[in-house]
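A.B. asks: test case, fold it:
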Amino acid sequence: MMTHLKKSIVEVKAKENCLAHALVIAVAKVTNNPNYKSYRKGWKILPKVRELLQASVVDFSRGEESQNYRNFSATCQSTG
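C.D. replies: Sure thing, here's the model as predicted:
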């Protein structure tokens, strides 16, 4: 069986937590969530981002553990 892979590039322009925004948008795309287009436009996404951050076991507010996140966050801001 052949599988056709699609590529989607979505620019996240969130001022903070852009990784969480990107994950919410990606999951919505993969699961065919009816809010996918709204999330891409920045609508209705904040409650889902907060839910993801609360459910996350990663604490981005502490020193070394957040270094990779800061690097990713800086990259998001420089491209937006």
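
A.B. asks: low-confidence stretches in this protein?
C.D. replies: Within the chain, the stretches falling below the threshold (pLDDT under 70) are 1-6, 58-80.

A.B. asks: now do the helices in it.
C.D. replies: Ranges of helices in the chain, per DSSP state H, are 18-30, 36-40, 46-55, 67-79.

A.B. asks: who's in contact with stretch 27-43?
C.D. replies: Residues from elsewhere that reach stretch 27-43 (CB atoms under 8 Å, 6 or more residues apart in numbering): 8, 10, 13-14, 24-25, 44-45, 48. (Glycine included, C-beta is placed from N, CA and C.)

A.B. asks: run a quick neighbour tally on Val30.
C.D. replies: If you count neighbours by other CB atoms under 10 Å, Val30 ends up with 10.

A.B. asks: just Val27 next, same as before
C.D. replies: Neighbours of Val27 under the rule other CB under 10 Å: 14.

A.B. asks: do the same with the one 4 residues further on
C.D. replies: Thr31 is flanked by 9 other residues according to other CB under 10 Å.

A.B. asks: ok, now Ile25?
C.D. replies: Per other CB under 10 Å, the neighbour tally for Ile25 reads 22.

A.B. asks: that one touches Glu11, doesn't it?
C.D. replies: No. Using CB atoms under 8 Å, Ile25 makes no contact with Glu11, being 10.3 Å away.

A.B. asks: who wins for neighbours among the contacts of stretch 27-43?
C.D. replies: Val24 (24 neighbours).

A.B. asks: perfect, I'm done here.
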